[in-house]
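Chemist: Return atomic coordinates for the entry below.
(one chain, ligands or ions: 1)
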Amino acid sequence: MIDLRSDTVTTPDGSMRDAAATAPVGDDVYEEDPTVTDLEERAADLVGKEAALFVPTGTMGNQIAIREHTSRGEEVIADRESHVVKWELGGMAQHAGVQVRMVDGDRGLPTPEQVHESYVEEDLHRPGTGLLCLENTHNARGGLAITPERMRDTADAAREHDVPVHLDGARVFNAATALEVPVTDLTDHVDSVMFCLSKGLGAPVGSMLAGDAEFIDRARRTRKLFGGGMRQVGVIAGPGLEALENVDDLGLDHANARTLAAGLDEISGLSVPEPESNIVVADVAATGHDVETVLERLADHEVLATAFGPTTIRLCTHRDVDSDDIEHALEGARAALDC
Ligand SMILES: *Cc1c(COP(=O)(O)O)cnc(C)c1O
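Modeler: As a prediction, this is how the structure comes out:
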């Protein structure tokens, strides 16, 4: 099977398993796990923030950030297709007591004008805007990479209203790789950033939330509230440290994604734009089959993908598939659909 459903399917390699076995550990709720502390310092450094917090999942990282930045009853401005809106079970309402003001962003990014229009000043009738949430790369828009200039302009619009900015950077290193900029060119414009160790970077578990030291202190307390205070968690942070070494490999995933997209686009009935990062979105409408049928046929030929939209499927490249696997996946897709 060539599993292209997600970059979360990567399994830990030998160096990660070794790191898990040998990491020095302690009770991280007492902040006595040296491996976690090391990971938090390295992660903060990488994204140019004062401090960072190790969290079990990206979802928890986003939810902690939203809760810390906002007060109950406020609004959060976010793109309508963003992960915090679509895929986190309405968590911002449940955990932070806030409501979302959705905008149809430009390539997934709310424009400065949309931020100004969406901003509400607190008064007797209106809740007040507490946060602007951005996402880069943008998952549900097909792995789009948003440039530092656009992030800056949108974040500046929020700052004009004293609204803080959180970045869901689950794949922010993919964005930096795609744009060929240092990741800090993207993270410098936001107050906090979450990124995943468990996706393209290949760690088995874990994400990082980074921001200023005072924010991270509060976030640590909220992590405990959410049940995410973990004990000898160096056994997971060790592989996380290894994952940080994999940032430079993401370009390979992007090259594989371009090869995959170009090959799929040649199959009659498939329409596949050139991907900007590691996410390939194929429109299957012209095959005459529905998405479920296409996915079943692909699976019959050893290729796993996921449903994306009403007529689209998603294929993600990652470090557990190499260029040979991509060729095999293309052979499988041709056999499955060229008929
Ligand atoms: C995967 C993902 C998350 C959440 O990460 P989990 O670790 O699966 O909870 C958040 N945002 C985006 C854009 C993602 O792709």
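
Chemist: in the stretch 151-300 of the chain, which spans are helices?
Modeler: 172-179, 184-187, 213-225, 234-244, 250-265, 291-300 (DSSP state H, counting those that start in this stretch).

Chemist: Kindly report the same for the stretch 1-150 of the chain.
Modeler: Using DSSP H, counting those that start in this stretch, helices in the stretch 1-150 of the chain cover 14-22, 34-46, 58-69, 83-86, 91-96, 112-118, 148-160.

Chemist: Identify the residues contacting stretch 285-301?
Modeler: 268-271, 284, 304-308, 310-313, 331-333, 335-337 (C-beta atoms under 8 Å, 6 or more residues apart in numbering). Yep, even glycine has a C-beta here, placed from its N, CA and C like the rest.

Chemist: Now, of the residues you listed, which are buried?
Modeler: Neighbour counting with 16 or more other C-beta atoms under 10 Å marks 270-271, 284, 304-305, 307-308, 311-313, 332-333, 336-337 as buried within the contacts of stretch 285-301.

Chemist: Out of those residues, which comes closest to the ligand?
Modeler: Closest to the ligand out of those is Phe308 (12.8 Å), distances taken as C-beta to the nearest ligand atom.

Chemist: Determine the three-state secondary structure at that closest one.
Modeler: strand (DSSP: H, G, I helix; E, B strand; the rest coil).

Chemist: how much space between the closest residue to it other than its chain neighbours and the ligand?
Modeler: Spatial nearest neighbour of Phe308, excluding adjacent residues (C-beta to C-beta, 6 or more residues apart in numbering): Arg314 at 4.0 Å. The gap separating Arg314 from the ligand is 11 Å, by C-beta to the nearest ligand atom, to the nearest Å.

Chemist: Quick one: neighbours of Arg314, just the number.
Modeler: 20 (other C-beta atoms under 10 Å).

Chemist: Could you check the pLDDT of the residue sitting furthest away from the middle of the chain?
Modeler: What lies farthest from the middle of the chain is Leu124; by C-alpha atoms, centre = their mean that is 36.6 Å. Listed pLDDT for Leu124 reads 95.

Chemist: re the thing from before, so which of the helices of the stretch 1-150 of the chain is nearest the ligand?
Modeler: Closest of those to the ligand is helix 58-69, at 2.5 Å (criterion: C-beta to the nearest ligand atom).

Chemist: Where does the prediction get shaky in this structure?
Modeler: Along the chain, the parts satisfying pLDDT under 70 run over 339.

Chemist: Could you pull up the contacting residues of the residue most central in space within it?
Modeler: With distances taken as C-alpha atoms, centre = their mean, Ala170 lies nearest the centre of the chain, 2.1 Å away. The contact partners of Ala170, by C-beta under 8 Å, 6+ apart, come to Gly58, His83, Glu135, Asn139, Met194, Phe195, Cys196, Lys199, Ser207.

Chemist: now those residues in JSON lines, with distance to the ligand and neighbour count?
Modeler: Below are these laid out as JSON lines (distance: C-beta to the nearest ligand atom, whole Å; neighbours: other C-beta atoms under 10 Å):
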{"residue": "Gly58", "distance to the ligand": "2", "neighbour count": "26"}
{"residue": "His83", "distance to the ligand": "3", "neighbour count": "20"}
{"residue": "Glu135", "distance to the ligand": "5", "neighbour count": "30"}
{"residue": "Asn139", "distance to the ligand": "4", "neighbour count": "24"}
{"residue": "Met194", "distance to the ligand": "7", "neighbour count": "31"}
{"residue": "Phe195", "distance to the ligand": "9", "neighbour count": "27"}
{"residue": "Cys196", "distance to the ligand": "5", "neighbour count": "26"}
{"residue": "Lys199", "distance to the ligand": "6", "neighbour count": "26"}
{"residue": "Ser207", "distance to the ligand": "5", "neighbour count": "25"}
